[in-house]
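Visitor: quick one, fold the following:
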Amino acid sequence: SDLVGLTSAPGRGGQVDADLARLRGEYGMTMHVCLLPDELLNGGVMVLDMLKRSRAMGAAVHWHPMPIGGVPNSIGAARTLVGAIVSAARDGGHVVIHCTEGVGRSGVIGGCVLVELGSTPPEALETLARRRSPVCPQTADQRSFIEDYAEAVHGWARPRPKGIQALRIKATPRRRAKRH
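Guide: As a prediction, this is how the structure comes out:
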């Protein structure tokens, strides 16, 4: 949906207030979803202070901190956040989702939003790669989370690699080296 966007953290270039004003003014941000822990941004502003500023500009703020390379704490936590995002977008709101670079953690949530709206995990990943970055989301765990989310929400199981029906592992005794 064009009503949901992924971006890098406001203030990465040192201009937190200018970036927030641009997101609010040019992109019509009505919901600000921040996935950063409370840390110091490039502009010398803490994340929680940035979120207060965003709220003062009229945006609804959702703060769900995740570590770099991380995923939501649970499928349930992701469903709650994704539900709020989808609801806001369906009501005509403009949702901005960000982490540091707007690729890893943001990609996980963006992918889950696409799945919630009916995309399969491969379709969601292709859309993220095409619309945001070829490395969105960044890690295998993040991509797997989108698949797990789809399975939980829609009952979609992960496809098996073609030609593999089952994997059998046969234990073989270890040979001892002969002593001379």
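Visitor: so where does S87 fall, helix or strand?
Guide: Using DSSP states H and E, S87 maps to helix 75-90.
Visitor: check V61 too.
Guide: strand 60-63.
Visitor: what about the helices in this structure?
Guide: Here the chain has its helices, by DSSP state H, at 16-25, 47-56, 75-90, 105-116, 121-131, 140-154.
Visitor: list the buried residues of the first one.
Guide: In this case it means helix 16-25. Residues of helix 16-25 classed as buried: 16, 19-20, 23-24 (neighbour count, 16 or more other C-beta atoms under 10 Å). (Glycine included, C-beta is placed from N, CA and C.)
Visitor: tell me the average confidence for it?
Guide: Mean pLDDT, helix 16-25: 94.
Visitor: can I get that helix as CSV, trimmed to CA atoms?
Guide: The C-alpha trace of helix 16-25 is given here as CSV (Å, rounded to 0.1, in the frame of the first residue of the first chain):
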residue,chain,number,x,y,z
VAL,A,16,15.4,15.5,13.5
ASP,A,17,12.8,18.3,13.4
ALA,A,18,13.3,19.0,9.7
ASP,A,19,12.9,15.3,8.9
LEU,A,20,9.8,14.9,11.0
ALA,A,21,8.3,18.1,9.5
ARG,A,22,9.0,16.7,6.0
LEU,A,23,7.4,13.3,6.9
ARG,A,24,4.4,15.1,8.3
GLY,A,25,4.1,17.8,5.6
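Visitor: can you tell me what sits against that helix?
Guide: 7, 10-13, 29, 32, 41, 43, 45, 50, 53-54, 57-59, 96 (C-beta atoms under 8 Å, 6 or more residues apart in numbering).
Visitor: centre of the chain to that helix, how far?
Guide: Its chain's C-alpha centre and that of helix 16-25 lie 21 Å apart, by C-alpha atoms, centre = their mean, to the nearest Å.
Visitor: quick one: low-confidence ranges for this structure?
Guide: The chain contains residues with pLDDT under 70 at 1-2, 157-180.
Visitor: try it again at 50.
Guide: Confidence mapping of the chain against pLDDT under 50 gives the ranges 1, 160-178, 180.
Visitor: R79: what's it in contact with?
Guide: 149, 152-153 are the contacts of R79 under C-beta under 8 Å, 6+ apart.
Visitor: and the furthest pair within the buried residues of helix 16-25?
Guide: The span of these, defined through C-beta to C-beta, is set by V16 and R24 at 12.4 Å.
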